[in-house]
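> sequence and predicted model, in that order:
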Amino acid sequence: MRATRSSDVAVIGAGVLGCLIAREILVAAPGASVTVLDRDLVAGGATRRSAGLHFPRGTTPVVRAMASESQRYYSELAVKYPELPIHQLPMTVVAPESAEPRLREVYLPEANLRHLDDVPQVVARLPEGMGAWSGDGCQYADVPALTQALAAELRPSVEFREGVTVTGLDTDGDQVRLTLGTGDTLTAARVVLATGPWIADPAWRHLVEPLGARVKKVVALHVEQPPSDADGVVVFQDEDAFLLPYRYRGHWLFSYTCLEWDVDPDTVPSGLSTANRAQAREVLGHYAPQLVDHCVSGRVFCDAYSPDGAPLVRPLTDDKRLVFAGAASGSGYRLAPAIAAEAVRLLSAQPFSR
């Protein structure tokens, strides 16, 4: 039997960003009715494969402000809910010695960068001309578990529809009409698209395409060596790569920049290719050759990237009833609280309740 339901706000996408948006809507409007929909389960898609690393930096003033806002949010969340899987850890930044002035522009003041004479043990060598700096304010999370915990907190107040595809969006009239793959219909006064890399879905492609976002393949190797409790993350600044001690999983994760663009999240290979593994191992070998032979597995997915690297939080209709939030350029977890806050500020231009 087909049914039509209504909601004040519908959030399409139940990843970490979608759940944080729902959470912030209820902070701004505790009486609002909110529905979160996802074609998969809560914490699927990019959230399921997220490295979950937050470090205090931004290459533009906009991203630095968002990183600072998100850092405060996660710090407060971890204090309020110490059981959440958010873990502080030391940070080392590796970059050319000549780059120190630029590093101090890019990293937030709270990073408190300090030049190091020695490098972490996991870095076997530094190429000539390279230096290392320690920094504060870094943490990583089990993002799927964190997202599930956020969803569990929300469920008494938020309706979740998992495994439900949105097949159509009709923005005519005072309500946005969502046609669902189940045959049901949902109408909402406001809708947020927090769809991760699914920016080209037929239901909203014509609305999102003018934003200029693209989808890029994301690859990280699992380095099958156990990190110690004292190990921290090593950020390779020029390579846009990092080596993260995944203590809760018992191995290291090496993320490097894969330059395969315009991939489809539904068809991108789930396994490592020979080329991907070779590229990552080559970068890692410059600094930690002893780990290269332990790179026997990994994770592959994709993410949406904006034209300038800053997340896109934009109204898609003149009346701001439909808002896009995402394209965080690989920093979805890191910047999610600030993206969610900006999305809710846009939605708040008019009352949530119909």
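Thanks, I have the structure now.
> now do the strands in the stretch 101-250 of the chain.
114-115, 130-135, 139-141, 158-162, 166-170, 176-180, 185-193, 214-223, 233-236, 241-246 (DSSP state E, counting those that start in this stretch).
> output these as JSON lines; include the columns mean neighbour count, distance to residue 13 and mean pLDDT.
For glycine as for every other residue, the C-beta is placed from the backbone atoms N, C-alpha and C. Conversion of the strands of the stretch 101-250 of the chain to JSON lines gives the following (neighbours: other Cβ atoms under 10 Å; distance: least, Cβ to Cβ, whole Å; pLDDT from 0 to 100):
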{"stretch": "strand 114-115", "mean neighbour count": "10", "distance to residue 13": "39", "mean pLDDT": "96"}
{"stretch": "strand 130-135", "mean neighbour count": "20", "distance to residue 13": "32", "mean pLDDT": "96"}
{"stretch": "strand 139-141", "mean neighbour count": "24", "distance to residue 13": "18", "mean pLDDT": "96"}
{"stretch": "strand 158-162", "mean neighbour count": "19", "distance to residue 13": "12", "mean pLDDT": "98"}
{"stretch": "strand 166-170", "mean neighbour count": "17", "distance to residue 13": "10", "mean pLDDT": "96"}
{"stretch": "strand 176-180", "mean neighbour count": "19", "distance to residue 13": "13", "mean pLDDT": "96"}
{"stretch": "strand 185-193", "mean neighbour count": "24", "distance to residue 13": "7", "mean pLDDT": "96"}
{"stretch": "strand 214-223", "mean neighbour count": "22", "distance to residue 13": "15", "mean pLDDT": "96"}
{"stretch": "strand 233-236", "mean neighbour count": "24", "distance to residue 13": "27", "mean pLDDT": "97"}
{"stretch": "strand 241-246", "mean neighbour count": "24", "distance to residue 13": "25", "mean pLDDT": "97"}
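> what residues are up against residue 123?
92, 94, 132, 234, 287, 288 (Cβ atoms under 8 Å, 6 or more residues apart in numbering).
> for it, give me the pLDDT.
The model reports residue 123 with a pLDDT of 94.
> okay, helices next: where are they in this protein?
Here the chain has its helices, by DSSP state H, at 16-28, 45-49, 61-80, 100-106, 143-154, 205-208, 274-285, 289-292, 332-347.
> so, low pLDDT: which residues of the stretch 151-300 of the chain?
Within the stretch 151-300 of the chain, the stretches with pLDDT under 70 are 270.
> what about residue 225, how many residues close to it?
16 (other Cβ atoms under 10 Å).
> re the thing from before, any chance of the helices of the chain in TSV, plus mean neighbour count and distance to residue 324?
Shown next, in TSV, are the helices of the chain (neighbours: other Cβ atoms under 10 Å; distance: least, Cβ to Cβ, whole Å):
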stretch	mean neighbour count	distance to residue 324
helix 16-28	25	11
helix 45-49	23	15
helix 61-80	17	16
helix 100-106	14	27
helix 143-154	20	20
helix 205-208	15	6
helix 274-285	16	29
helix 289-292	16	39
helix 332-347	25	9
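> now these in JSON lines, please, with extra columns for distance to residue 321.
Below are these laid out as JSON lines (distance: least, Cβ to Cβ, whole Å):
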{"stretch": "helix 16-28", "distance to residue 321": "14"}
{"stretch": "helix 45-49", "distance to residue 321": "25"}
{"stretch": "helix 61-80", "distance to residue 321": "24"}
{"stretch": "helix 100-106", "distance to residue 321": "37"}
{"stretch": "helix 143-154", "distance to residue 321": "22"}
{"stretch": "helix 205-208", "distance to residue 321": "12"}
{"stretch": "helix 274-285", "distance to residue 321": "41"}
{"stretch": "helix 289-292", "distance to residue 321": "50"}
{"stretch": "helix 332-347", "distance to residue 321": "9"}
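> redo the strands of the stretch 101-250 of the chain as a markdown table? Include distance to residue 200.
Listed next are the strands of the stretch 101-250 of the chain as a markdown table, based on distance: least, Cβ to Cβ, whole Å:
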| stretch | distance to residue 200 |
| --- | --- |
| strand 114-115 | 44 |
| strand 130-135 | 37 |
| strand 139-141 | 28 |
| strand 158-162 | 22 |
| strand 166-170 | 14 |
| strand 176-180 | 18 |
| strand 185-193 | 12 |
| strand 214-223 | 7 |
| strand 233-236 | 31 |
| strand 241-246 | 27 |
